[in-house]
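S.K.: Show me how the following folds:
(chains A and B)
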Number of protein chains: 2
Amino acid sequence: MSPLFKYSASILIIISLIGCLVALLISNPINAEDAFCEKSLTASVKKEIASYQLLVDTIVEASVTGSFKGSTFEELAFFIDTFGNRIAGSENLENSIDYLLEKFKSKNLENIHTEEVSLESWSRGKESATLLFPRRQNLPILGLGNSVGTSEDGITAEVLTVKSFDELNERSAEAKGKIVVFAPEFISYGKTVVYRSKAASEAAKHGAVAALIRSIAPFSILSPHTGMQSYEANVTKIPVAALAVEDAHLLERMQSRKQRVVVNLKMEAHLGEVKTSRNTIAELKGSSHPEKVVIISGHLDSWDVGQGAMDDGGGAFISWNALNVLKSLDLRPKRTIRTILWTAEEFGYVGAQQYYKDHKNETHNWNFIMESDEGTFNPYGLNYVSGDKGSCIIKEIVKLFKNLNATSSTRSDSVGSDINLWLDDGIPGAAVLQQNEKYFWFHHSQGDTMDVEDPVSLDKNTAIWAATAYIIANLEDDFPRD
Amino acid sequence: MSPLFKYSASILIIISLIGCLVALLISNPINAEDAFCEKSLTASVKKEIASYQLLVDTIVEASVTGSFKGSTFEELAFFIDTFGNRIAGSENLENSIDYLLEKFKSKNLENIHTEEVSLESWSRGKESATLLFPRRQNLPILGLGNSVGTSEDGITAEVLTVKSFDELNERSAEAKGKIVVFAPEFISYGKTVVYRSKAASEAAKHGAVAALIRSIAPFSILSPHTGMQSYEANVTKIPVAALAVEDAHLLERMQSRKQRVVVNLKMEAHLGEVKTSRNTIAELKGSSHPEKVVIISGHLDSWDVGQGAMDDGGGAFISWNALNVLKSLDLRPKRTIRTILWTAEEFGYVGAQQYYKDHKNETHNWNFIMESDEGTFNPYGLNYVSGDKGSCIIKEIVKLFKNLNATSSTRSDSVGSDINLWLDDGIPGAAVLQQNEKYFWFHHSQGDTMDVEDPVSLDKNTAIWAATAYIIANLEDDFPRD
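M.R.: Residues are numbered from 1 along each chain as shown, chains lettered A, B, ... in the order given. Down below sits the predicted model:
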């Protein structure tokens, strides 16, 4: 071996060691947040949370491999197969609530009851869109929630396709008397959904007779997606429906070729009478502070297409089956764990808003609020909203989920849907972090079926729900809001 | 530095070097096939093929970044948007053929003509399946090609769901008078499609009144997939349709709960009159051996659902645009390159069978036959059927596609669909190797639209098609069959 070779080798090794060190530092940054937790979280609180490891393992074991293995899927599948979709205001939703009340009784859950919610119902009726020129073709649509309908013959008009509200403003003169099609690229649900919620009124302001939108979805097999929309006050209410992504592209291509595009739109949609629905509640009563609560929730209503298995059957079912798991393990926390299955979420959190009003004076006792409404796919931790101290506690809790490979945590501005009312008031809360990249492939479409759900992922979600709720409901001190 | 450290470092370096050597050997195996090619392919043939590099680069440049950039997509999109789907026997298909003949003329392609094909037409009409018990729910279906229909009231019967023909044999006694649902897991199209092609007759043998199948697809957004089926001689012809994957699962779950499941099936499907369609042909005439041919092909007919953009608009359009690219580059090979756009492929290669009969005496002059009927996704090489010597030539040709990252080659038993008749006779041929993992997500469904197609991938497919055909049509010696 030449001295030069030996020298090079030594250098290489030193570089490698430095590389390793850098890699270690990158993967374990000592950041400001960790430093804060180091200072503010007392050793005794850390120790207290760590002491739940055995109990978390027990809950996970019971949920994932033990006697509850597959139970969330099985219960959900029977429910979904029996009732199908459950739009707010439908008899079907109310029947499904009655069924669950009996189910809760059979599981000996506590304080089982419902609380009434008044809502304006909406009915889709028959609907169709037909491309008439340059070629006759059926365009599958789903009318948007709250949309008005058309006359029996429908609206036949030329189409103006735009990418954005800005483009519509620029082409305002062309919009009068037309069906305006909004075909924005899907950026994210949060960013793009404004084209669903405001399409009709924005188009009407420019004299359009109806509006169509490209479905708010990143992927499609000619599958339109419905969802809520609302009319602006003092703007003409025009019918609005969602096209499949593919058909929005078709109309765009035709327009780019300067072809005259004519569509006939027929919708029987109409607002119905005021109906009564119910939020559905069950509890595991706290042993020493029953008035203090940790809430786990999902919503029971769905859209009137697909089966509402993913949105939000899964979220609702992990929320009550988590209670069931805790109960069967004879675990009774100091504080109450309350399961709430919201109604009329899809109509704009109507059930949650009612609950917000009715329970305004009790929220000082609410420790933590959770909702699962973004799927129940394979979980990998918790997504939470909290103050800095609360954040430190969540970070300790997720360490206990190593058996589930779910030790990640992400601090967000908002999690869940119904629960944002309370999160905005400063009550801390969480949702499960999960691999829900395909959520919007199925969301509000005919594809929201039991096939999206997976028994093992549901079990894991149930376990995280049960364990997180139990630990927070049983901590020595109330969950901090600061 | 301690001597021990220096010693360890040396060992580490030696291990690394050995690792590198092993890795190199694994990535460049000197196998039997390579050894055969080394022996059998003369240096002059190798040199001849290598000499095409500049020409291949020119074809690729013209197709992917030059004047033809995006042209296959643009031509295809206009065609698809204008004609929509094109089932064999439809006026629409014949109109689309007339359109293409004019297009070919405008591009100065040669020997433009059609050859007549007689076929039995089939018409879907209206169709529906409704779950009546245990719950009422619409089940989207697509009747299978060649299926008979039902009476106007449809067939109302209990359902027996089975996973396989074997299970049906075992449960034969339960099948009489029922609608048999075949719900096999999707293994691969090749392995699972037998449940589409034989479902009706197999069910009828056990006294079933109708058959339904789980769509032959690995992924679904409640999207049924149609396709051809055939009735066995002397077995009662019963109606047969495809359910979405999700609904097959629904019926399976209901049966596993011992629920009585009743479905009403209505289908207007019926065989129509005998119609005439056409294979559509254009050429780039060979300069010195015009009687010798290399064929590039796809099929122009589609199913009557979706747009037939992927199956097989893309394959058809790269096949004629490749001629167009060669023509515009003033490239005229020694042998003729013939584009054939088959008709009635979906009905069982009817157009190809006719062509096989009509051109039986010419095939000694056929050098090579290519078909694109498995999508035109991002390509990475050639999938081919050939003798050992031919294989060596293909391996040299794909080396020229490094600018496309398409230097892979796979030797198969069968490629394409229509062309298997000739491949089975020993004529060598190829298809493009491409990333078509999602092909069966869209295949024969409403989701077969222009959204599945991508301009860059189409350009690359066109380039590979043009270059491969040109090189083989221009080689000094005929492409070997041994």
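S.K.: from the middle of its chain, how far away would the helix or strand hosting A:Ala248 be?
M.R.: With elements taken from DSSP states H and E, the one containing A:Ala248 is helix A:245-256. From the chain centre to the centre of helix A:245-256 is a distance of 30 Å (CA atoms, centre = their mean, to the nearest Å).
S.K.: Likewise for stretch A:42-50?
M.R.: Taking CA atoms, centre = their mean, one finds stretch A:42-50 lying 32 Å from the centre of the chain it belongs to.
S.K.: likewise stretch A:415-435?
M.R.: Here stretch A:415-435 is found 10 Å from its chain centre; the criterion is CA atoms, centre = their mean.
S.K.: before we move on, what about stretch A:458-473?
M.R.: For stretch A:458-473, the separation from the chain centroid amounts to 17 Å (computed by CA atoms, centre = their mean).
S.K.: likewise stretch A:136-154?
M.R.: Stretch A:136-154 sits 27 Å away from the centroid of its parent chain (CA atoms, centre = their mean).
S.K.: for stretch A:462-479, same thing?
M.R.: Distance, stretch centre to chain centre, for stretch A:462-479: 21 Å (CA atoms, centre = their mean).
S.K.: Could you do stretch A:437-451 as well?
M.R.: 12 Å.
S.K.: now for it, what's the gap between its first and last residues?
M.R.: This stretch, stretch A:437-451, spans 16 Å end to end (CA to CA, to the nearest Å).
S.K.: Show me which positions of it end up buried.
M.R.: Within stretch A:437-451, the residues that count as buried by 16 or more other CB atoms under 10 Å in any protein chain shown are A:439-451. Any C-beta I mention is one placed from the backbone N, CA and C, and that applies to glycine too.
S.K.: just to revisit the earlier point, what packs against the helix holding A:Ala248?
M.R.: If contacts are counted by 3 or more CB pairs under 8 Å, 6 or more residues apart in numbering or on different chains; DSSP states H and E, helix A:245-256 sits against strand A:155-162, strand A:179-182, strand A:210-214, helix B:71-83.
S.K.: got the residue ranges for the strands in the stretch 251-400 of chain A?
M.R.: Counting by DSSP state E, counting those that start in this stretch, the stretch 251-400 of chain A has strands at residues A:262-267, A:270-284, A:289-299, A:335-342, A:366-371, A:379-385.
S.K.: quick check: angle from the fifth one to strand A:379-385?
M.R.: Between strand A:366-371 and strand A:379-385, the angle formed by their directions is 130 degrees, by axes from the mean of the first three to the mean of the last three CA atoms, to 10 degrees.
S.K.: what's the answer for the first one, then?
M.R.: If you take the same axes, to 10 degrees, strand A:262-267 sits at 80 degrees to strand A:379-385.
S.K.: what does the stretch 301-450 of chain A put close to chain B?
M.R.: Taking CB under 8 Å from any CB of the partner chain as the contact definition, the stretch 301-450 of chain A meets chain B at A:306, A:441-442, A:445-447, A:449-450.
S.K.: residue contacts, A:Met370?
M.R.: A:Met370 makes contacts with A:294-297, A:416, A:419, A:429-431, A:465, A:468-469, as judged by CB atoms under 8 Å, 6 or more residues apart in numbering or on different chains.
S.K.: cool, A:Met310 as well?
M.R.: Residues in contact with A:Met310 (CB under 8 Å, 6+ apart) are A:375-376, A:439, A:442-443, A:448-449, A:452-453.
S.K.: Pick the one among those closest to A:Thr226.
M.R.: The shortest approach to A:Thr226 among the contacts of A:Met310 belongs to A:His443, at 9.5 Å (CB to CB).
S.K.: What does that closest one show for phi and psi?
M.R.: Main-chain dihedrals, A:His443, degrees, to the nearest 10: phi -50, psi 120.
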